[in-house]
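1. Provided below are the primary sequence and the corresponding predicted coordinates.
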Amino acid sequence: MKASEALRFGITLRPACGELGDRFCHVEGRGLCSDPWGAICEAVQPAVAKFNWNQRDRFKFASTMDAFVAVQMHYFADYFRMPARCPGSIQRWTEMGGRLLTQDRKVILKTYDEHARHHSYAITTECDKVEQLAGLIDHLFYKHRMSREDIATCLEAYEKARDHGIAQQIAVNRNFNHYSANWR
């Protein structure tokens with residue numbers, strides 16, 4: 001099963017957990033909630049939701065995380081090797097001076113290209129650190145607040161591009177939206 005299919009199915013199982021940073025967490029009034037990787041792993045291995053996700057006992061929680069990582073690596077190890085960059089890592093703009101001239105009742109913009117300054121910056125400090133698709137899934141959810149549905153669309157586009165031999169990064173860039181309203 002591809003990760004996009006697993007995520008689309010996993011979304012129907014549990015609500016999103018929000019900004020807590022856990023794969024699964026108990027939210028008062030909503031019950032057990034999951035992030036995208038939690039939803040993906042629960043779709044292929046439903047027993048993951050029955051693990052001990054309580055962090056009070058650190059040793060049991062550590063063994064739970066080890067089991068969760070084993071499930072991730074068993075089903076989706078390729079996603080940890082697929083190259084992907086965050087589209088927010090390189091945002092560019094040009095700072096340029098200019099003035100408006102009027103010639104024969106026409107307004108003309110005259111720019112000073114020789115004094116133009118080119119700037120680039122990353123949206124977050126974490127954007128430059130993303131190097132593979134599995135890390136991009138978490139990054140898009142936690143740092144750029146993309147919804148799990150939008151991440152599934154992005155994953156699906158990446159997988160289709162990979163199957164057809166097209167540049168996968170272009171598919172990611174097309175589906176990128178920074179700070180969407182995703183807490184439903």
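-> Yep, that arrived. Residues are numbered from 1 along each chain as shown.
2. Extract the CA atoms of stretch 50-58 and return them as PDB.
-> The C-alpha trace of stretch 50-58 is given here as PDB (Å, rounded to 0.1, in the frame of the first residue of the first chain):
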ATOM      1  CA  LYS A  50      -3.700  -0.100  20.900                       C
ATOM      2  CA  PHE A  51       0.000   0.600  21.900                       C
ATOM      3  CA  ASN A  52       0.700   2.400  25.200                       C
ATOM      4  CA  TRP A  53       0.700   6.100  24.100                       C
ATOM      5  CA  ASN A  54       0.800   7.400  27.600                       C
ATOM      6  CA  GLN A  55       4.100   9.200  28.300                       C
ATOM      7  CA  ARG A  56       3.900   8.900  32.100                       C
ATOM      8  CA  ASP A  57       5.900   5.600  32.100                       C
ATOM      9  CA  ARG A  58       8.900   6.600  30.000                       C
END
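3. I'd like the average pLDDT over it.
-> Mean pLDDT, computed over stretch 50-58, is 85.
4. Do I have it right that residue 171 meets residue 155?
-> No: with contact taken as Cβ atoms under 8 Å, residue 171 and residue 155 are classed as non-touching, separated by 9.3 Å. Placement of C-beta: from N, CA and C, glycine included.
5. Which one's more surrounded, these two?
-> Using other Cβ atoms under 10 Å as the criterion, residue 171 and residue 155 rank with residue 155 on top: 28 against 22.
6. what residues go with each domain of the chain?
-> 3-86+124-174, 90-121 (automatic domain parsing).
7. Need the winner for burial among these.
-> domain 3-86+124-174 (a mean of 17; mean count of other Cβ atoms under 10 Å).
8. C-terminal to the lowest-mean-pLDDT helix or strand in the chain, which secondary structure element comes first?
-> Every helix and strand in the chain was compared by mean pLDDT, DSSP states H and E; the lowest is strand 91-95, with a mean of 70. Next along the chain after strand 91-95, taking DSSP states H and E as the criterion, comes strand 98-103.
9. Can you tell me which helices and strands the helix or strand that that following strand is followed by packs against?
-> Toward the C-terminus, strand 98-103 is succeeded by strand 106-111 as the next helix or strand (DSSP H and E). When contacts are defined as 3 or more Cβ pairs under 8 Å, 6 or more residues apart in numbering; DSSP states H and E, strand 106-111 sits against strand 98-103.
10. what does the strand it packs on rub up against?
-> Residues lying outside strand 98-103 but in contact with it, judged by Cβ atoms under 8 Å, 6 or more residues apart in numbering, are 107-112.
11. One more: stretch 40-56?
-> 1, 3, 5-7, 9-10, 13-14, 22-26, 32, 34, 38, 60-61, 64, 67-68, 71-72, 75-76, 137.
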